[in-house]
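Enquirer: Below is the sequence, then the predicted model.
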Amino acid sequence: MTSLNYNIEKEYGVISESKKGWKKELNLVSWNDRNSKYDLRDWAPGREKMGKGITLTGEELIRLRDLLNEMDL
C-alpha cells in the first residue's frame with residue numbers, strides 16, 4: 001500500500017458530527033506535498049482515520065457555491 005501524507009493548512013468548519021464522533025469538515029489540505037485543495041470529508045476523532053471525500057480547486061469551489069446559491073433550498 002502506498003503512503004499517504006497530508007497537511008491541513010486551514011480549517012474552515014464542521015458541517016456535521018455523527019453519534020460516534022466522526023466530523024464532516026471543510027478544510028484546505030495539501031495531499032502528498034501537492035498544491036492545496038479544498039477538501040470535504042469525514043474525520044474520526046483525533047483525525048487518526050478519514051472517510052472518503054472530495055477535493056475541489058478554488059474555481060470548482062466557486063462554481064459549487066454558485067450552483068448552491070441557485071438552488072431553492
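Expert: Happy to help now that I have it.
Enquirer: Flag every buried residue along the host helix or strand of Leu61.
Expert: Assessed by DSSP states H and E, Leu61 sits inside helix 58-70. Within helix 58-70, the residues that count as buried by 16 or more other C-beta atoms under 10 Å are Leu61. C-beta coordinates here come from the backbone N, C-alpha and C atoms, glycine included.
Enquirer: And the contacts of it?
Expert: Tyr38, Leu56 (C-beta atoms under 8 Å, 6 or more residues apart in numbering).
Enquirer: chain center to that helix, what's the gap?
Expert: Here helix 58-70 is found 15 Å from its chain centre; the criterion is C-alpha atoms, centre = their mean, to the nearest Å.
Enquirer: cool, stretch 9-23 as well?
Expert: 9 Å.
Enquirer: start to end distance for that stretch?
Expert: End-to-end distance for stretch 9-23, by C-alpha to C-alpha, to the nearest Å: 17 Å.
Enquirer: what sits up against that stretch?
Expert: 24-30, 36, 40, 42-45, 51.
Enquirer: so where do the strands sit in this protein?
Expert: 6-17, 23-31, 37-43, 50-56 (DSSP state E).
Enquirer: Would you mind putting those into JSON lines with mean neighbour count alongside?
Expert: Output for the strands of the chain, formatted as JSON lines (neighbours: other C-beta atoms under 10 Å):
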{"stretch": "strand 6-17", "mean neighbour count": "12"}
{"stretch": "strand 23-31", "mean neighbour count": "18"}
{"stretch": "strand 37-43", "mean neighbour count": "18"}
{"stretch": "strand 50-56", "mean neighbour count": "13"}
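Enquirer: can these go into a markdown table with extra columns for mean pLDDT and distance to Leu68?
Expert: Formatted as a markdown table, these follow (pLDDT from 0 to 100; distance: least, C-beta to C-beta, whole Å):
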| stretch | mean pLDDT | distance to Leu68 |
| --- | --- | --- |
| strand 6-17 | 97 | 13 |
| strand 23-31 | 98 | 13 |
| strand 37-43 | 98 | 13 |
| strand 50-56 | 97 | 13 |
